[in-house]
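S.K.: Please find the sequence and the predicted model below.
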Amino acid sequence: MTIKLGVPSKGRLMEKTFDWFGARGVALSRTGSDREYAGAVDGVDGVELVLLSAGEIPRELAAGRIHLGVTGTDLVREKLGQWEQQVQEKAELGFGHADLIIAVPACWVDVDTLEDLDAAAAAFRKNHGFRLRIATKYHRLVREFLQDNGVADYQLVDSQGATEGTIKNLTAEGVADITSTGDTLRANHLKILSDALVLKSQATLFKSRKSSMDDAERAAMTTLLSKLGLEG
Amino acid sequence: MTQKSKIRARAAALASDFEAAGALPVETPVLLPAEALLDLYGEDIRGRAYVTSDALRGEQMLRPDFTVPVVQMHMAHGAEPARYTYAGEVFRRQEDDPARANEYIQVGYEVFDRENPAASDAEVFAVMQNALKGVELRAATGDIGILAAAVAGLETTDRRKRALARHIWRPRKFKALLDRYSGRVEMPASRVALLAKDDPMAHGFADIGLRSQAEVAERIDGLRDEAAADPISPLQVELIEALLNVRETLPNALEHIRDLAVDMPAITEATFRLRDRMHALEARGVDVSSLEFEASYGRTSMEYYDGFVFGFYVPGRADLPPVATGGRYDALTQVLGQGREIPAVGGVIRPGILVQLEDAL
């Protein structure tokens, strides 16, 4: 049997992952038509490439259906409870850098810190009769962060995309989202709170702690990791 | 007997103890409208409760506790005074500790009575303690009302007092605010820069979102008042900290808090309530001379309690959750009562933990 390596199935994350493995003598490629999610691994035996949505890789690792997987630290921490017991970080790949931050309208000149956000939320609830809304898809990470930092009187509203637009559309007052340069935030008249870095994320190679391996698979894993310059 | 039926039998026995003490058995739904709970507890409840939904009723929560539905039921059509008991499953989301149960039975006893709060507090505590006799437990008690009174009595601005009162249940944030208001911590640089501007509202940013520029300007006025206000005096901060550190047997704690009340007259009334409760507990046969009182007790996990609070713990077993917890929640009835209120106090027991202890004997 083979060990399975899960890699994001699309875009820059996939290309950069292919480059990272390629630079270490493991050639990953897509096979078949552009639309077919099938791949090949050259340079090491007994390894199968599985192309998946980056968001599903944490779940597949935790279930032990793939042995290794490349995805963002943000997704692993959001989706897996006690993530360290389910997966092991093998290598930070040096791309896909993104910070999970909290941003509010730039016209809120009175709000720069989490302390300001908390005070603004209290007043907002009193004036508007409901809790200040923060749009995000990172519910768990953001909730734990705000709880740890003593912010109350807010609520999270789900936003799976175009999160920066929710404020203008009056469906949220603030956002918690991933940003790399902050350009999209600025273009949407938002600013990042100075002390609200929830998580620094980058593309990372994870090894599942839940997948079982026979002797041949264990040998393939050892060969692959040593080729990548990583310890077993 | 399976473990589950053992726990059920223990729950039924507890419920009949509570009935014998005068409580009316009640049932509540398992699925509760999420809105009421979210409004009450805020986003934190989502970390503790399971949320589900359908297209018709919207978001529903699997009952994380009985207090809210029992209060709603009482406020809708309860006679006064009232005593209720219930037994059933509650559901708690567990994302960090797989050893903690995400579904367990609670048996509760709740008293809605305007007459004599000290007597009601003592009644609930004594009924719980009585139901738990035979098991060696450590009882802890506290009183959120004393701290609330101390905050209300601070010689400082109403805005500061409101902010501190709002964060009584978040000890770290409470301390950070106290440090800020007493001048032990400097104002953040961004705020200094903001207040140094002649017209901070002339910022040139697009006005977007529901929070209006009038609200921004109002908060800046508040920040100016705050910056101009005198710091809370070191003596007052010391008194609050001394109060928070009170942790001794109830009679000694009462003496200690009475001493503090000489310099903090605002807590005098709350001190009388503590004394009356101690006497009421004695009258119920509770050995108060060895009962622990901790002024900070109940500040971290029980946001809706606003007076007497208590818990029963297994000595030497910090890994186990408390066997029983409870307290007074007058303000909760106000929030859920839509204009009406009634003083209320209650407690719950976890028969599952009891059975676990009894099995180990």
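M.R.: Done, it's in.
S.K.: contacting residues for residue A:187?
M.R.: residue A:164 (CB atoms under 8 Å, 6 or more residues apart in numbering or on different chains). C-beta here means a position set from N, CA and C on the backbone, and glycine is covered the same way.
S.K.: can you check residue B:98 too?
M.R.: Applying CB under 8 Å, 6+ apart, the residues near residue B:98 are residue A:82.
S.K.: and with 7 Å instead?
M.R.: Neighbouring residues of residue B:98 by CB atoms under 7 Å, 6 or more residues apart in numbering or on different chains: there are none.
S.K.: Is it in a helix, a strand, or coil?
M.R.: coil (DSSP: H, G, I helix; E, B strand; the rest coil).
S.K.: For the chain, which residues score under the pLDDT cut-off?
M.R.: Going with chain A. A:34-36, A:232 (pLDDT under 70).
S.K.: right idea, wrong chain: chain B
M.R.: With pLDDT under 70 as the threshold, chain B has low-confidence stretches at B:301-303.
S.K.: what about the one residue in the stretch 1-150 of chain B that gets nearest to chain A, how many neighbours?
M.R.: The stretch 1-150 of chain B approaches chain A most closely through residue B:95 (4.0 Å), counting by CB to the nearest CB. Using other CB atoms under 10 Å in any protein chain shown, residue B:95 is surrounded by 14 other residues.
S.K.: Return the residues in contact with it.
M.R.: Residue B:95 makes contact with A:81, A:140 under the criterion CB under 7 Å, 6+ apart.
S.K.: Report whether it is found in a strand, as I expect.
M.R.: No: counting by three-state DSSP, one finds residue B:95 to be coil, located in no strand.
S.K.: From the contact counts, what lies against the helix or strand hosting residue A:99?
M.R.: Applying DSSP states H and E as the criterion places residue A:99 in strand A:98-105. Under the contact criterion of 3 or more CB pairs under 7 Å, 6 or more residues apart in numbering or on different chains; DSSP states H and E, strand A:98-105 touches strand A:174-179, strand A:190-201.
S.K.: Out of these, which is closest to residue B:56?
M.R.: strand A:174-179 (29.9 Å; CB to CB).
S.K.: Now the next helix or strand after the closest one: buried residues?
M.R.: Going down the chain from strand A:174-179, the next helix or strand is helix A:183-187, by DSSP H and E. The neighbour-count check on helix A:183-187 (16 or more other CB atoms under 10 Å in any protein chain shown) flags A:184-185 as buried.
S.K.: Stretch A:143-153 spans what distance, first to last residue?
M.R.: Terminal residues of stretch A:143-153 are spaced 12 Å apart (CA to CA, to the nearest Å).
S.K.: Name the residues of it that are buried.
M.R.: Buried residues in stretch A:143-153 (16+ other CB under 10 Å): A:143-146, A:149-153.
S.K.: near chain B, anything from that stretch?
M.R.: Yes: for a cut-off given as CB under 7 Å from any CB of the partner chain, stretch A:143-153 has contacts with chain B, namely A:143, A:147, A:150, A:152-153.
S.K.: same thing with stretch A:155-171?
M.R.: Yes: using CB under 7 Å from any CB, stretch A:155-171 reaches chain B at A:155-156, A:167-168, A:170.
S.K.: Which residues belonging to that stretch are considered buried?
M.R.: Buried-residue list, stretch A:155-171, by 16+ other CB under 10 Å: A:155-157, A:159, A:163-164, A:166-167.
S.K.: and if you look at stretch A:74-94?
M.R.: So, applying 16+ other CB under 10 Å, buried residues of stretch A:74-94: A:74-80, A:83, A:86-87, A:90-91, A:93.
S.K.: Show me what the helix or strand hosting residue B:227 is in contact with.
M.R.: Using DSSP H and E, residue B:227 sits in helix B:213-228. Outside helix B:213-228, the residues that touch it by CB under 7 Å, 6+ apart are A:107-110, A:119-120, A:123, A:127, B:157, B:159, B:187, B:191, B:195, B:200-201, B:207.
S.K.: Go through the residues you listed and name the one nearest residue A:227.
M.R.: Looking across the contacts of helix B:213-228 and measuring by CB to CB, the closest to residue A:227 is residue A:108, at 51.2 Å.
S.K.: ok, for the closest one, nearest residue in space, not its chain neighbours?
M.R.: residue B:216 (5.8 Å; CB to CB, 6 or more residues apart in numbering or on different chains).
S.K.: repeat for residue B:195
M.R.: residue B:227 (5.8 Å).
S.K.: I'd like to know how many residues surround that neighbour.
M.R.: Around residue B:227 there are 12 residues (other CB under 10 Å).
S.K.: can you give me the strands for chain A?
M.R.: A:3-8, A:27-31, A:38-42, A:47-52, A:68-72, A:87-92, A:98-105, A:132-136, A:154-158, A:174-179, A:190-201, A:203-208 (DSSP state E).
S.K.: For residue B:73, which of these is the nearest?
M.R.: Among those, strand A:154-158 sits nearest to residue B:73 (CB to CB), with 25.7 Å.
S.K.: Can you list the strands that that closest one pairs with?
M.R.: strand A:132-136 (parallel) (DSSP bridges).
S.K.: still on that earlier bit, the strand holding residue A:99 relative to strand A:190-201, how many degrees between them?
M.R.: 160 degrees (axes from the mean of the first three to the mean of the last three CA atoms, to 10 degrees).
S.K.: just to revisit the earlier point, next, format the buried residues of stretch A:74-94 as a markdown table and append distance to chain B.
M.R.: Output for the buried residues of stretch A:74-94, formatted as a markdown table (distance: CB to the nearest CB, whole Å):
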| residue | distance to chain B |
| --- | --- |
| A:74 | 16 |
| A:75 | 16 |
| A:76 | 14 |
| A:77 | 11 |
| A:78 | 11 |
| A:79 | 11 |
| A:80 | 9 |
| A:83 | 10 |
| A:86 | 11 |
| A:87 | 16 |
| A:90 | 24 |
| A:91 | 26 |
| A:93 | 27 |
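S.K.: From those, which land in helices?
M.R.: A:74-79, A:83, A:86 (DSSP state H).
S.K.: what does the stretch 101-250 of chain B put close to chain A?
M.R.: B:166-167, B:170, B:172-173, B:176, B:188, B:190, B:194, B:200, B:203, B:205-211, B:213, B:215-216, B:219-220, B:223.
S.K.: can you pull the contacts of the residue in chain A positioned nearest to chain B?
M.R.: Per CB to the nearest CB, residue A:150 is where chain A lies closest to chain B, at 2.8 Å. Applying CB under 7 Å, 6+ apart to residue A:150 gives the contacts A:118, B:167, B:170, B:172-173, B:176.
S.K.: I figured residue A:48 hits residue A:4, correct?
M.R.: Yes: the pair residue A:48 and residue A:4 qualifies as a contact (CB atoms under 7 Å) at a distance of 5.1 Å.
S.K.: For chain B, give the residue positioned nearest to chain A.
M.R.: residue B:173 (2.8 Å).
S.K.: what helix or strand is that residue on?
M.R.: Per DSSP H and E: helix B:171-181 holds residue B:173.
S.K.: How many residues are close by residue B:209?
M.R.: If we define neighbours as other CB under 10 Å, then residue B:209 has 21 of them.
S.K.: So it versus residue A:55, what's the distance?
M.R.: 28 Å (CB to CB, to the nearest Å).
S.K.: what residue of the chain is the furthest out?
M.R.: Chain wasn't specified; assuming chain A. residue A:127 (35.4 Å; CA atoms, centre = their mean).
S.K.: To clarify, I was referring to chain B.
M.R.: residue B:204 (44.2 Å).
S.K.: For residue B:322, which non-adjacent residue is spatially closest?
M.R.: The nearest residue in space to residue B:322 (CB to CB, 6+ apart) is residue B:311, at 4.3 Å.
S.K.: Name the residues that touch the helix or strand where that neighbour lies?
M.R.: Assigned by DSSP H and E, residue B:311 falls within strand B:308-313. Identification of contacts with strand B:308-313 by CB under 7 Å, 6+ apart yields B:121, B:125, B:128, B:132, B:137-144, B:277, B:297-298, B:302, B:322-328, B:345.
S.K.: Mind checking which of those are in strands?
M.R.: B:138-143, B:324-328, B:345.
S.K.: Looking at the contacts of residue A:150, which one is closest to residue A:205?
M.R.: Using CB to CB, the contacts of residue A:150 come closest to residue A:205 at residue B:172, 36.0 Å.
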